[in-house]
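> Build me a model:
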Amino acid sequence: MNGRTIELTLSAPGERLDKALTDALPELSRTRIQQLVKEQQILVNGRAAKSSQKLEGGEQVLVNLPDPVDTELVPWEYPLDIRYEDDDLLVINKPAGMVVHPSAGHEQDTLVNAVLAHCPVLPVIGSEKRPGIVHRLDKDTSGLIIVAKNERALRMMQAQFKKRTISKMYLALVDGQVQPPAALIDAPLGRDPSSRKKMGVIPPGSSASRQSRPAQTHYQTVIGYDDYTLLECQPKTGRTHQIRVHLAYIGFPIAGDTIYGRRKRKLGLKRHFLHAAKLTFQRPSDMAEITVSAELPPDLQAALDLLNKP
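Numbers count the residues shown, from 1 in each chain. Model prediction:
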């Protein structure tokens with residue numbers, strides 16, 4: 001079989017195969033696992049299986065992940081808000097609503113497609129689906145994102161993220177008056193066992209803890225309002241939905257976040273109030289320290305203006 005093969009032992013008696021694999025392999029969705037089962041890319045004790053198969057415990061499982069089918073990335077003419085550029089890097093102020101890289105339903109209207117129109121050499125850098133992408137932002141999170149223009153810059157920036165030498169600062173408006181006004185949230189994250197589409201804090205020693213990863217977020221109060229608090233957040237790690245989950249975990253979910261917070265939005269918000277406002281990193285060409293900033297976009301500023309009215 002071509003591609004990458006994962007070997008694992010499932011110790012989940014009574015569970016369905018697809019559910020157990022979803023818990024064991026958080027990088028794969030349940031739908032993806034079911035598709036692999038249908039394509040007979042998943043073997044249980046050496047035999048093809050069904051997604052609904054109930055496990056006895058101790059099954060030996062082989063998961064084959066076929067090589068991705070090459071798909072041509074199409075440049076998209078879009079007016080990028082470029083906040084920094086040199087021969088190695090672009091730092092772009094991404095608008096809310098824009099997906100970073102192509103995926104189902106977003107094949108040609110992503111940040112990658114827009115960057116390709118600006119810098120056509122990107123297809124040869126990094127992976128085919130995410131050329132030049134150093135890190136990601138959620139679709140509805142606005143703000144700064146780094147894109148590498150060449151392989152050397154990509155590897156150097158990835159190394160800075162891995163060593164946690166890049167400083168990232170987000171602005172988040174949260175529900176409630178935050179106490180204490182500043183703190184470090186240190187809580188491991190993983191897939192929420194009750195909802196595969198969500199992330200959650202996974203307590204050490206729980207059944208799902210082997211799929212969790214360490215995560216730390218520091219926050220500091222900028223302005224306190226009667227019912228809200230504006231925070232500066234600095235994630236020390238880069239887990240999926242990290243800031244959103246951590247703030248909800250301590251009881252102060254981000255305003256407008258209908259997944260981890262209140263179901264009804266207020267202040268005229270149409271998305272969660274989270275903006276990547278500042279990045280500090282070492283420039284690949286000479287290792288000089290560079291800081292790039294992006295002000296709040298109009299929709300988030302309008303929400304703050306409502307709070308600032310006497």
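> buried ones in the host helix or strand of Leu173?
In this assignment (DSSP states H and E), Leu173 forms part of strand 167-175. Of the residues in strand 167-175, those buried by neighbour count under the rule 16 or more other C-beta atoms under 10 Å are Lys168, Met169, Tyr170, Leu171, Ala172, Leu173, Val174, Asp175. From N, CA and C alone the C-beta is placed, and that goes for glycine too.
> What's opposite the nearest residue to the second one once chain neighbours are set aside in the beta bridge?
If you skip the residues right next to it in sequence, Met169 has Lys278 as its closest partner in space, 4.0 Å away by C-beta to C-beta, 6 or more residues apart in numbering. With DSSP bridges as the criterion, the beta-bridge partners of Lys278 are Met169, Ser293.
> ok, Lys278 to Thr141 distance?
14 Å (C-beta to C-beta, to the nearest Å).
> Contacts only, for the residue nearest to Met169.
Residues in contact with Lys278 (C-beta atoms under 8 Å, 6 or more residues apart in numbering) are Leu144, Ser167, Lys168, Met169, Thr291, Val292, Ser293, Ala294.
> pLDDT score assigned to the first one?
The predicted local confidence for Leu144 comes out at a pLDDT of 98.
> Against Lys168, how distant is it?
From Leu144 to Lys168 the distance is 8 Å (C-beta to C-beta).
> Need the overlap of contacts for those two.
Common contact partners of Leu144 and Lys168 (C-beta under 8 Å, 6+ apart): Ala276, Lys278, Leu279.
> can you redo these as CSV with pLDDT and distance to Gly132?
Shown next, in CSV, are the shared contacts of Leu144 and Lys168 (pLDDT from 0 to 100; distance: C-beta to C-beta, whole Å):
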residue, pLDDT, distance to Gly132
Ala276, 98, 17
Lys278, 98, 21
Leu279, 98, 16
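> Who are the packing partners of the strand holding Leu173?
strand 228-235, helix 242-249, strand 274-282, helix 298-308 (3 or more C-beta pairs under 8 Å, 6 or more residues apart in numbering; DSSP states H and E).
> most packed of those?
Neighbour counts (mean count of other C-beta atoms under 10 Å) averaged over each of those peak at helix 242-249, with a mean of 24.
> Quick one: mean pLDDT over that one.
98.
> what's it in contact with?
With C-beta under 8 Å, 6+ apart as the test, helix 242-249 has contacts from 138, 170, 172, 174, 185, 187, 189, 199-201, 215, 217, 219, 231, 233, 235, 239, 253-254, 257, 259-261, 272, 274.
> can you rerun that using 6 Å?
By C-beta atoms under 6 Å, 6 or more residues apart in numbering, the list of residues contacting helix 242-249 from outside reads 170, 174, 185, 187, 189, 199, 201, 215, 217, 233, 235, 253-254, 257, 260-261.
> Dump the C-alpha coordinates for that helix into PDB.
Extracted C-alpha coordinates of helix 242-249, given in PDB (Å, rounded to 0.1, in the frame of the first residue of the first chain):
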ATOM      1  CA  GLN A 242      -6.300  27.200  21.900                       C
ATOM      2  CA  ILE A 243      -7.200  30.700  23.100                       C
ATOM      3  CA  ARG A 244     -10.900  30.100  22.600                       C
ATOM      4  CA  VAL A 245     -10.900  26.900  24.600                       C
ATOM      5  CA  HIS A 246      -8.700  28.100  27.400                       C
ATOM      6  CA  LEU A 247     -10.700  31.300  28.000                       C
ATOM      7  CA  ALA A 248     -14.000  29.300  28.000                       C
ATOM      8  CA  TYR A 249     -12.400  26.800  30.400                       C
END
